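In: Fold the following for me, if possible:
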Amino acid sequence: MARVGRRRGDGLQRAVVAGGRGLLRALDLTVRSAGHEHVPATGPVVLAANHVSFPDFVFVQQALLAGPAGSGGRLARFLCRHEIWGVPVVGAAMDRMRQVPVDRAAPAAAYLRARALLREAEAVCVFPEAGISAAYVVRALMPGAVALARETGAPLVPVSVWGGQRLWPQKRTLEDPFPRPTPARGRLVDVVFHPPLAEPTTEALGHVLQAGLETLQRLPEHRPRPGEWAPWHPAHLGGDAVPRAESFALDGLPRAAIAPTWGPGPPADGDA
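Out: Residues are numbered from 1 along each chain as shown. Purely as a prediction, here's the structure:
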């Protein structure tokens, strides 16, 4: 199969990815991936991933490059918080790598830029939760990923990610300071690419993402040990993360977010 041609900024992005791979190797961290056959080797594709830790984009990109010849080698353009562009030098590098800044107060510009990238046959990765649930379930989703797929005709590939929360967890209360990374050697992160949605809807995407996430969370290698305090594992699966009903107060969701019909039980009235 033909591989995606080199584009402006690809060299810089591959260098950054190589540096990230070196850091993961230093931490003895394994990124295990599956479902590469669902990612087209060429042409536009929307990757819609659940979000459990701040470096999830690192794991998704490493997984993309780890696939067989037919799907490996693709670089994704990620939709990222626009605050990153305020860091000297970093913002210019992000622009050169064709990453997309998202201002939650004015998201239209990000949508238009992502649409343009898809029309140039790029792979665009979106984290439609627009944040991380302290309950480690898939929270309300923004509709942009589905809208991009529908408008451009690009396949919408759901992506499950789990394991990074043990390296950089979400905070548990509104009063908690911004969480810091908790690096530890020998961790495992799983990334699974699912079949493209035949009829993309935000509700269908939410159900696939939640089912895929729970499948990973139930694996023996990801479950807490008996008696272990596990704030990194969901409460409905025996962990000590914030219960889902309590997590809604922490979410701070944009008004356009689609309330979940997926997960371990719908929110009570007034929680969403």
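In: is it true that Val159 touches His51?
Out: No - under the criterion of C-beta atoms under 8 Å, Val159 is not in contact with His51, lying 10.2 Å apart. Using the backbone N, CA and C atoms, a C-beta is placed for each residue, glycine as well.
In: Which one's more surrounded, these two?
Out: Legend: neighbour count by other C-beta atoms under 10 Å for Val159 and His51, higher for Val159 (28 against 22).
In: Over to the more buried one. Which of the three states is it?
Out: strand (DSSP: H, G, I helix; E, B strand; the rest coil).
In: Once you drop chain neighbours, what's closest to it?
Out: Excluding the flanking residues, the one nearest Val159 by C-beta to C-beta, 6 or more residues apart in numbering is Ala49, at 3.8 Å.
In: which ones are touching the one you found?
Out: Counting by C-beta atoms under 8 Å, 6 or more residues apart in numbering, Ala49 touches 56, 60, 125-127, 158-161, 209.
In: Excluding residues flanking it in the chain, which one is nearest Gly263?
Out: Closest residue in space to Gly263, ignoring its immediate chain neighbours: Val137 at 4.7 Å, by C-beta to C-beta, 6+ apart.
In: so what's the one you found scoring on pLDDT?
Out: On pLDDT, Val137 comes in at 96.
In: same question, Ser247
Out: pLDDT recorded at Ser247 is 85.
In: Let me know how buried it is, in neighbour terms.
Out: A count of neighbours around Ser247, defined by other C-beta under 10 Å, yields 23.
In: now swap in Ala15 and tell me
Out: Neighbourhood size, Ala15 [other C-beta under 10 Å]: 11.
In: Mind telling me what element it is part of?
Out: Using DSSP states H and E, Ala15 falls within helix 10-26.
In: What residues sit buried inside the following helix or strand past that helix?
Out: Downstream of helix 10-26, the first helix or strand assigned by DSSP H and E is strand 30-34. Under the neighbour-count criterion of 16 or more other C-beta atoms under 10 Å, strand 30-34 has 31, 33 buried.
In: what about strand 30-34, average pLDDT?
Out: Computed over strand 30-34, the mean pLDDT rounds to 96.
In: any idea where the strands of the stretch 51-200 of the chain begin and end?
Out: 76-81, 100-102, 123-126, 156-162, 188-193 (DSSP state E, counting those that start in this stretch).
In: Which strands border the last one, and is each parallel or antiparallel?
Out: Pairing partners of strand 188-193, with direction, according to DSSP bridges: strand 30-34 (parallel), strand 156-162 (antiparallel).
In: And the lowest mean pLDDT element among the helices and strands of this protein?
Out: Taking mean pLDDT, DSSP states H and E as the measure, the chain has helix 244-251 as its least confident helix or strand, at a mean of 82.
In: Could I get the buried residue list for that one?
Out: Using 16+ other C-beta under 10 Å as the test for burial, helix 244-251 gives 244, 247-248, 250-251.
In: For the closest residue to His38 other than its chain neighbours, give me its contacts.
Out: Counting by C-beta to C-beta, 6+ apart, Phe193 is the residue found nearest to His38 once chain neighbours are left out, at 4.7 Å. Phe193 sits next to 33-36, 38-39, 47, 63, 157-159 when contact means C-beta under 8 Å, 6+ apart.
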